[in-house]
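S.K.: Mind looking at a prediction? Sequence and model below.
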Amino acid sequence: MKEEIEPNEDFRLYSKHIRNHSIVNGNDVLVLLSEYGRLLFMSIYHEGAIRRYETLSEVQLSSPGLEYDKIGKKLAVDPYGRAIAVASFEDNMDVFILHKTSSRSYFDPISVRVSIAEEGIIWHMEFLHTESTSRERILLAVVIYSDIEKICRVILYSMNASTDDVTIETIGRLPLEKNTPLPVLLIPLKFMHESFILVTEQQVCLLSSDDLGCGNVLYPTSYIPRELGSTEYPLFTAYSPHLNPSEHYLYLGAAEGLLYKLQVNVSTSTMQWISIDDVNPVSQAMCMVGELIHSDDGKDLSTADIIFYTGESSNSQMIAITQEETTNNKLHYRTLQIFDNWAPITNFQVASNLRSYQDALVTCSGQDKYGSLGVVSYGVDAILLFSSKPEWKGVSQLWSLSLSSTMAVSYLVASSLIDTRLISFEDGHMKDITFPSKIRNNLHTLHANIFSIKGINYLLQIYSNGISITQRDENRGNYYST
């Protein structure tokens, strides 16, 4: 039964700030919520080697802002760029109707703001895919839990934004039974207009706008697969639909590191589960990047879906999932790239003089078998290559000697007030060759250098009483007096 909602005139007014920004490149803009209760529009500034995020405009939401002690999704963006919905404050949802076009130099996308009052905790909300991009029918599905009645409802709103006088009506309210497992994901379907999948702790439900409009409780369901003998179901935390609307399946990732492909039969409204090899524990983000066409034997071509998912206290991965089932009815994947995740840091200690007389933080991050220890330090890490012997009398001057960058052996001449040392550097190893080279080592060196005459290398040593020139023995690699 449809119910028209009277828009609150007090909520049509809002505060916005258009920032001075560079020309917006591309056709996509990032929409996000800040912890200060602001709706932000951002783009990526890219010029030469400079890459950074740039804020285009921002909208101040109702004070005091978002309720972060209530879990759930607080932001929904229409897939056709017509509207944005925000769970802004307590029992209210703000809906921002967007302009059809926006300036790249002065980005002001919002046309009008309306508010929907609905008592309860907003767990999930998503805009549904409609048959056309017309602004006369914009559908918003919301999952709301009433902490007073202790019941969860799925509510569907229809908006007509063809004019500035936006009208909103409730198409239907479908209450879930009190013993129904809690919903964890709400997934709009590209390949089924005005339909979505509601994922609970035990099953997935396929619903449409007609089901909510007529109050149909006999909608198709499918229980989540679980291990034989286990009483616990996987907890799905993220999903990724296929980029191509003609492909009628999506991917679901669980906190236990399980990955499934959910195939939907549009004609019969049935669902089929296909298991995929285990991955790292999946956090709350997953998306399909594209498709990969590859050949394993050089003859037959096969297609793989490239999926990126974020790890929960573990590394994130970019994987390619093949579409050929094996004998155990599982899909395999190939890891393309691994992104290190050092969060969350559960504990840390300061280690004094850990590296090169520098203090460092030893952090403990991750959990379970994905836990790790990390060392965080600031400064230049120096590696000890060579240490002088006890008979050295100190160093007051030092010369680095090499004819060219291609020279296989380099030398260091170290001099104190009473003696001189010669050190060779070859293949990453340093060696004291003072005595084999027969340079003047029992006096103070004023200057040292290397020069070449007719392809023969000589070492020049200048001291207070004279000059010493030694010739390099190419066979033994040391300098000897001539």
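M.R.: Cool, got the structure.

S.K.: just checking, what packs against the biggest helix by length in the chain?
M.R.: Longest helix in the chain by number of residues (criterion: DSSP state H): helix 209-214. Helix 209-214 sits against strand 151-160, strand 167-175, with contacts defined as 3 or more C-beta pairs under 8 Å, 6 or more residues apart in numbering; DSSP states H and E. The way it works is simple: take the backbone N, C-alpha and C, and place the C-beta from them, glycine included.

S.K.: Dead centre of this structure: give me the residue that sits there.
M.R.: T310 (6.4 Å; C-alpha atoms, centre = their mean).

S.K.: Next up, the contacts around it.
M.R.: For T310, the contacting residues are A238, V282, S283, Q284, A285, M286, S316, N341, by C-beta atoms under 8 Å, 6 or more residues apart in numbering.

S.K.: I figured the third one was touching F236, is that so?
M.R.: No. At 11.7 Å, S283 and F236 do not qualify as touching, with contact defined as C-beta atoms under 8 Å.

S.K.: on that earlier part again, could you say which one of the helices and strands packed on helix 209-214 comes nearest to G120?
M.R.: Closest approach to G120 among those (C-beta to C-beta): strand 151-160, 7.6 Å.

S.K.: other SSEs contacting that closest one?
M.R.: Using 3+ C-beta pairs under 8 Å, 6+ apart: strand 151-160 touches strand 138-146, strand 167-175, helix 209-214.

S.K.: any idea how far the shortest one is from the chain center?
M.R.: When distances are taken as C-alpha atoms, centre = their mean, to the nearest Å, helix 209-214 is centred 37 Å away from the chain's centroid.

S.K.: again, but for stretch 137-154
M.R.: 30 Å.

S.K.: Could you do stretch 267-276 as well?
M.R.: The answer for stretch 267-276 is 29 Å, by C-alpha atoms, centre = their mean.

S.K.: burial count for I122?
M.R.: By other C-beta atoms under 10 Å, 24 other residues sit near I122.

S.K.: Would you check that P181 makes contact with V199?
M.R.: No. At 9.7 Å, P181 and V199 do not qualify as touching, with contact defined as C-beta under 8 Å.

S.K.: Looking at those two now, which is surrounded by more residues?
M.R.: V199 (22 against 15).

S.K.: Which helix or which strand is home to that one?
M.R.: strand 195-200 (DSSP states H and E).

S.K.: Now that strand - C-alpha only, PDB.
M.R.: The C-alpha trace of strand 195-200 is given here as PDB (Å, rounded to 0.1, in the frame of the first residue of the first chain):
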ATOM      1  CA  SER A 195      15.100  -6.100  -7.200                       C
ATOM      2  CA  PHE A 196      17.700  -6.800  -4.600                       C
ATOM      3  CA  ILE A 197      19.200  -9.600  -2.500                       C
ATOM      4  CA  LEU A 198      19.000  -9.400   1.300                       C
ATOM      5  CA  VAL A 199      21.800 -11.400   3.000                       C
ATOM      6  CA  THR A 200      21.100 -12.400   6.600                       C
END
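
S.K.: Give me the pLDDT value at V184.
M.R.: At V184, the model reports a pLDDT of 90.

S.K.: and it, how far is that from S132?
M.R.: 31 Å (C-beta to C-beta, to the nearest Å).

S.K.: For the two, work out which one has more neighbours and name it.
M.R.: Neighbour count, other C-beta under 10 Å: between V184 and S132, V184 has more, with 18 against 9.

S.K.: Now the more buried one. Nearest residue, chain neighbours left out?
M.R.: V199 (5.5 Å; C-beta to C-beta, 6 or more residues apart in numbering).

S.K.: isn't that neighbour right up against L250?
M.R.: No. Applying C-beta under 8 Å, one finds V199 not in contact with L250, separated by 10.4 Å.

S.K.: Can you lay out the helices and strands packed on strand 151-160 as a markdown table showing distance to S111?
M.R.: Putting these into a markdown table (distance: least, C-beta to C-beta, whole Å) gives the following:
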| stretch | distance to S111 |
| --- | --- |
| strand 138-146 | 13 |
| strand 167-175 | 15 |
| helix 209-214 | 25 |
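
S.K.: In TSV: the ones you listed, plus mean neighbour count and mean pLDDT.
M.R.: Output for these, formatted as TSV (neighbours: other C-beta atoms under 10 Å; pLDDT from 0 to 100):
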stretch	mean neighbour count	mean pLDDT
strand 138-146	22	91
strand 167-175	18	90
helix 209-214	18	91
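
S.K.: what residues are up against M93?
M.R.: A85, V86, A87, S115, I116, E118, I122, M125, V142.

S.K.: which ones among those are found in strands?
M.R.: A85, V86, A87, S115, I116, I122, M125, V142 (DSSP state E).

S.K.: which of those tops the neighbour count?
M.R.: Counting by other C-beta under 10 Å, top hit in these: A87 with 28 neighbours.

S.K.: Contact partners for Y45?
M.R.: S22, R51, R52, Y53, E54.

S.K.: Which helix or which strand is home to it?
M.R.: Counting by DSSP H and E, Y45 is part of strand 38-47.

S.K.: and the helix or strand just after that strand, which residues are buried?
M.R.: Using DSSP H and E, the helix or strand that follows strand 38-47 towards the C-terminus is strand 50-60. For strand 50-60, the neighbour count (16 or more other C-beta atoms under 10 Å) marks T55, L56, S57, E58, V59 as buried.

S.K.: how about L32, what does it touch?
M.R.: L39, L40, M42, L75.

S.K.: go with 7 Å
M.R.: Contacts for L32 (C-beta atoms under 7 Å, 6 or more residues apart in numbering) come out as L40, M42.

S.K.: Likewise for I345?
M.R.: T363, C364, S365.

S.K.: Can I get those residues in CSV including secondary structure?
M.R.: Below are the contacts of I345 laid out as CSV (DSSP: H, G, I helix; E, B strand; the rest coil):
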residue, secondary structure
T363, strand
C364, strand
S365, strand
